[in-house]
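A.B. asks: here is a sequence with its predicted model. Questions after.
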Amino acid sequence: MAILTALSDAGLGARHVALAIGVLLTSVVAHYIHRGYQVRKMFKDLEKQGIPIMKHSWLLGHLEIVGKLLENYPSDAHGNYLPVLILENWRELFPQCTSRPPVLYLDMWPFAQPFLLPLLLPIAVQFTQDHSLIKAHEQKQILYPLTKNKDISSMEGAEWKVWRKRMNPGFSIQTITSRIPDLLDEVEKFYGVLEAKAGRNGEWGEVFQLEKHTTKLAMDIIFRFFFGKHVHAQLASVQAGLEHAVMDTVKRMVFFHHIGNFLQEHNPWRKLRLWRNYQTLLDGFGPVLKQRLGELTTDEKPRAKATDTLVDALIQGVMEDREAGLVNTSDSDFLELAVGQIGTFIFAGHDTTASAICWVVHLLSKHPDVLEKVRAEHDAVLGSNPDDAASVLRSKPELVNALTYTNAVMKEAMRVHTNVGTMRRGEPGFYLTGPAGSGYDGMKFPAGEGWVVWDNTFALHRDPELWPKVHEFIPERFLVTDEEDPMHPPKNGWRFFELGPRNCIGQHLAMVEIKMVLALVLRRMDIEVAWEEWDVKRYVFLFGNKGYVREANKVNENRGLRGKKGPQVWGDRCYHAGADSPPHVKDNMPVHIQLRQ
Ligand code: HEM
């Protein structure tokens with residue numbers, strides 16, 4: 001009422017408001033129609049040039065095909081599954097082709113930008129390693145609310161090169177190994193949480209969501225790793241608030257702009273929350289960063305070496321940029337750049353590592369023979385008393401590098417359950433070339449402006465032409481050294497952290513973190529998924545205790561709630577979920593724990 005009165009005081013009647021809304025809606029619709037025409041035309045042009053594409057319609061693009069392929073998949077199954085299905089069904093989808101097309105052009109407008117994906121490995125190599133295309137607009141837009149794109153992941157060209165060089169030493173294997181004694185504190189805390197959730201007297205404990213705890217662990221590790229012991233301690237009182245601000249921002253990120261999330265994206269409440277979260281990061285990190293800046297500028301000893309801690313390398317980098325006149329000398333510029341860089345490390349490293357830990361644990365519980373071998377290796381390398389694992393690693397951190405079978409298990413789990421990839425921007429005049437022997441030798445596949453070039457690692461890791469016994473979990477393939485052996489992993493084939501100059505800077509940290517977790521956990525407890533208990537817990541949560549006994553009885557029949565098996569992908573209720581986010585384990589992986597005798 002008050003608004004209408006104010007509008008009428010200002011001489012604006014209801015008709016004016018309706019007109020303004022009408023004009024706005026018409027321009028949005030006009031934009032979508034115009035853009036829709038442009039996108040569909042890109043595909044029609046490919047057809048005209050003789051480039052093999054899937055059956056394409058002016059009205060629906062590839063939406064009909066996509067709908068059919070995904071009709072038996074749960075609605076929250078991650079988009080990573082789609083290209084696997086296309087790769088598996090290429091013969092039906094490309095009836096005009098006698099060999100698999102190297103490149104997939106995918107039109108899901110208005111639900112996605114026009115995508116280009118490799119269906120053959122050499123194509124992925126061409127745009128990440130031979131010529132590293134710059135990151136897609138979409139990837140930068142995702143990060144903007146957290147980093148204002150003042151971060152290593154969003155930077156390009158000379159600026160990126162300088163920053164990557166500054167940060168690389170802090171992420172080297174040597175630096176990470178030297179930090180193991182300190183980081184183990186966080187892993188021990190995590191172990192304590194799991195132990196408290198385990199059942200007593202040899203029983204299984206209550207069901208809980210493992211991925212929520214691995215996410216917290218991954219965040220805590222990044223904070224500790226980034227700031228080092230001394231500075232990290234100063235953050236203790238604000239760390240929870242900072243972690244919450246990051247998580248809340250991540251929750252509100254819009255991964256792909258499309259018609260389905262237009263309103264969500266432009267919701268003023270979302271924008272306000274994002275702005276508030278960013279202020280929390282500036283306020284929380286600010287005092288500590290400024291104090292450290294002061295210490296580094298006034299210290300009589302020479303400036304910290306880049307390898308001391310990442311926060312020092314970061315501050316030193318900003319100081320160098322200031323001296324070179326590349327950034328403003330104002331405090332706010334310093335702070336925004338520093339917070340942007342920290343934000344990207346937290347963002348890139350937390351839920352990726354968290355879900356990787358879950359998948360390794362899940363696969364091990366499904367393959368007891370492999371689990372036994374891992375435990376035997378831990379006995380051999382870390383000593384026969386599992387309770388000593390942390391102290392052994394503290395005194396000899398380099399032993400993590402001796403866990404070769406564990407390493408192979410992790411790599412195979414990462415092949416089977418690949419996480420994020422990279423999205424690049426098509427470049428004017430850029431082409432991908434049909435690889436020799438592919439049946440498309442030398443053929444040029446346009447990858448110019450307007451294409452979002454997605455690496456498709458999830459599907460390439462499940463390509464039977466590259467990986468014999470592709471659906472099986474065989475860690476030993478990563479121990480094969482003879483390149484002639486068909487089980488030897490193909491060159492450039494394992495791309496979990498991507499390859500090329502823009503590969504993952506945090507990959508050694510992630511691998512060491514997961515190994516520390518496995519070393520402390522696997523010999524002391526059994527962890528397995530507990531879907532039936534989870535179903536009951538959710539049922540009680542949603543509908544109260546009524547019917548609990550009835551539902552609990554069904555659990556004993558091992559059938560899940562109301563006799564339904566629950567959504568599954570590839571025969572497993574653990575699948576990659578997240579329609580508009582990085583992949584998470586479905587329901588954050590409900591598990592229960594039993595302590596080993
Ligand atoms: C299992 C865990 C992880 C996975 C699967 C993963 C995966 C990836 C991938 C695929 C990329 C390439 C992205 C692109 O080109 O757009 C990447 C880049 C990056 N990752 Fe990771 N990552 C993990 C852990 C970490 C950790 C622990 C950190 C840091 C603490 C980190 C920091 C970064 C950064 C900063 C980049 C951008 C590097 C650049 O552009 O130069 N990641 N990661």
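C.D. replies: Perfect, thanks for sending it.
A.B. asks: list the buried residues of the helix or strand harbouring His34.
C.D. replies: Assigned by DSSP states H and E, His34 belongs to helix 14-48. Across helix 14-48, burial judged by 16 or more other CB atoms under 10 Å covers 36, 39-40, 42-43, 46. No exception for glycine: its C-beta is placed from N, CA and C like everyone else's.
A.B. asks: and stretch 290-297, by the same measure?
C.D. replies: 292-293, 296.
A.B. asks: picking that back up, export the buried residues of helix 14-48 as TSV, with columns for distance to the ligand and pLDDT.
C.D. replies: TSV is the format used below for those (distance: CB to the nearest ligand atom, whole Å; pLDDT from 0 to 100):
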residue	distance to the ligand	pLDDT
Gly36	27	93
Val39	23	97
Arg40	28	98
Met42	23	98
Phe43	25	98
Leu46	25	98
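A.B. asks: of those residues, closest to Gln239?
C.D. replies: For these, the minimum distance to Gln239 (CB to CB) is 44.2 Å, reached by Val39.
A.B. asks: now for the closest one: which residues touch it?
C.D. replies: Taking CB atoms under 8 Å, 6 or more residues apart in numbering, we find Val39 in contact with 61, 107, 109, 113-114.
A.B. asks: one more: Phe473?
C.D. replies: By CB under 8 Å, 6+ apart, the neighbours of Phe473 are 363, 366-367, 370, 412-413, 416.
A.B. asks: follow-up on the earlier one: what's the most distant pair in the contacts of Val39?
C.D. replies: Farthest pair in the contacts of Val39, by CB to CB: Gly61 and Gln113, 11.5 Å.
A.B. asks: isn't Trp359 right up against Val585?
C.D. replies: Yes. If you go by CB atoms under 8 Å, Trp359 and Val585 touch, sitting 6.9 Å apart.
A.B. asks: hang on, the earlier thing: quick one: the helix holding His34 to chain centroid distance?
C.D. replies: Offset of helix 14-48 from its chain centre (CA atoms, centre = their mean, to the nearest Å): 32 Å.
A.B. asks: where does this structure come near the ligand, residue by residue?
C.D. replies: Applying CB under 6 Å from any ligand atom, we find that the chain lies next to the ligand at 135, 139, 152-153, 164, 222, 344-345, 348-349, 352-353, 356, 419-422, 496-498, 502, 504-506, 509-510.
A.B. asks: now the buried members of those.
C.D. replies: 135, 139, 152-153, 222, 344-345, 348-349, 352-353, 356, 419-422, 496-498, 502, 504-506, 509-510.
A.B. asks: any chance of the buried residues of stretch 290-297 in JSON lines with pLDDT and secondary structure as columns?
C.D. replies: Formatted as JSON lines, those follow (pLDDT from 0 to 100; DSSP: H, G, I helix; E, B strand; the rest coil):
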{"residue": "Arg292", "pLDDT": "84", "secondary structure": "helix"}
{"residue": "Leu293", "pLDDT": "83", "secondary structure": "helix"}
{"residue": "Leu296", "pLDDT": "78", "secondary structure": "helix"}
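A.B. asks: can you put the residues you listed in CSV and add distance to Thr177?
C.D. replies: What follows is the buried residues of stretch 290-297, written out as CSV (distance: CB to CB, whole Å):
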residue, distance to Thr177
Arg292, 24
Leu293, 28
Leu296, 25
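A.B. asks: tell me the one of these nearest Arg477?
C.D. replies: The closest of the buried residues of stretch 290-297, once distances to Arg477 are taken by CB to CB, is Arg292, at 45.3 Å.
A.B. asks: where does Leu12 land on pLDDT?
C.D. replies: On pLDDT, Leu12 comes in at 61.
A.B. asks: just to revisit the earlier point, what's the first helix or strand after the helix holding His34?
C.D. replies: helix 63-69.
A.B. asks: could you say what helices and strands that next one packs with?
C.D. replies: helix 81-88 (3 or more CB pairs under 8 Å, 6 or more residues apart in numbering; DSSP states H and E).
A.B. asks: contacting residues around the helix it packs on?
C.D. replies: 54, 66, 69-70, 73, 93, 100, 104, 106, 117, 119, 456, 458-459, 462-463, 569, 576.
A.B. asks: so of those residues, which ones are in strands?
C.D. replies: 104, 106, 117, 576 (DSSP state E).
A.B. asks: separation between Gly437 and the ligand?
C.D. replies: 27 Å (CB to the nearest ligand atom, to the nearest Å).
A.B. asks: is it fair to say that residue lies in a helix?
C.D. replies: No. Membership of Gly437 in a helix is not supported by DSSP: H, G, I helix; E, B strand; the rest coil, which gives coil.
A.B. asks: pLDDT score assigned to it?
C.D. replies: Reported pLDDT for Gly437: 97.
A.B. asks: tell me how far it lies from Glu465.
C.D. replies: 11 Å (CB to CB, to the nearest Å).
A.B. asks: so these two - more neighbours on which side?
C.D. replies: Higher neighbour count among Gly437 and Glu465: Glu465, with 12 against 9, using other CB atoms under 10 Å.
A.B. asks: and the buried residues of helix 14-48, which two are furthest apart?
C.D. replies: Longest span within the buried residues of helix 14-48, CB to CB: Gly36 and Leu46, 16.5 Å.
A.B. asks: got a pLDDT number for Lys140?
C.D. replies: 89.
A.B. asks: then Thr309?
C.D. replies: 83.
A.B. asks: which of the residues in stretch 275-289 are buried?
C.D. replies: Buried, per 16+ other CB under 10 Å, within stretch 275-289: 277-278, 280-281, 284-286, 288-289.
A.B. asks: now those residues in JSON lines, with secondary structure and pLDDT?
C.D. replies: What follows is these, written out as JSON lines (DSSP: H, G, I helix; E, B strand; the rest coil; pLDDT from 0 to 100):
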{"residue": "Asn277", "secondary structure": "helix", "pLDDT": "95"}
{"residue": "Tyr278", "secondary structure": "helix", "pLDDT": "95"}
{"residue": "Thr280", "secondary structure": "helix", "pLDDT": "95"}
{"residue": "Leu281", "secondary structure": "helix", "pLDDT": "94"}
{"residue": "Gly284", "secondary structure": "helix", "pLDDT": "93"}
{"residue": "Phe285", "secondary structure": "helix", "pLDDT": "92"}
{"residue": "Gly286", "secondary structure": "helix", "pLDDT": "91"}
{"residue": "Val288", "secondary structure": "helix", "pLDDT": "89"}
{"residue": "Leu289", "secondary structure": "helix", "pLDDT": "89"}
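A.B. asks: ok so, going back, which of the ones in strands among the contacts of helix 81-88 lies closest to Gln129?
C.D. replies: Distances from Gln129 to the ones in strands among the contacts of helix 81-88, taken by CB to CB, are shortest for Leu117, at 16.4 Å.
A.B. asks: mind listing what the closest residue in space to that closest one that isn't next to it in sequence touches?
C.D. replies: Nearest residue to Leu117, sequence neighbours excluded (CB to CB, 6 or more residues apart in numbering): Asn456, at 4.2 Å. If you count contacts by CB under 8 Å, 6+ apart, Asn456 has them with 83, 104, 117-119, 124, 421.
A.B. asks: switch the cut-off to 7 Å
C.D. replies: Going by CB atoms under 7 Å, 6 or more residues apart in numbering, Asn456 touches 83, 117-118, 124, 421.
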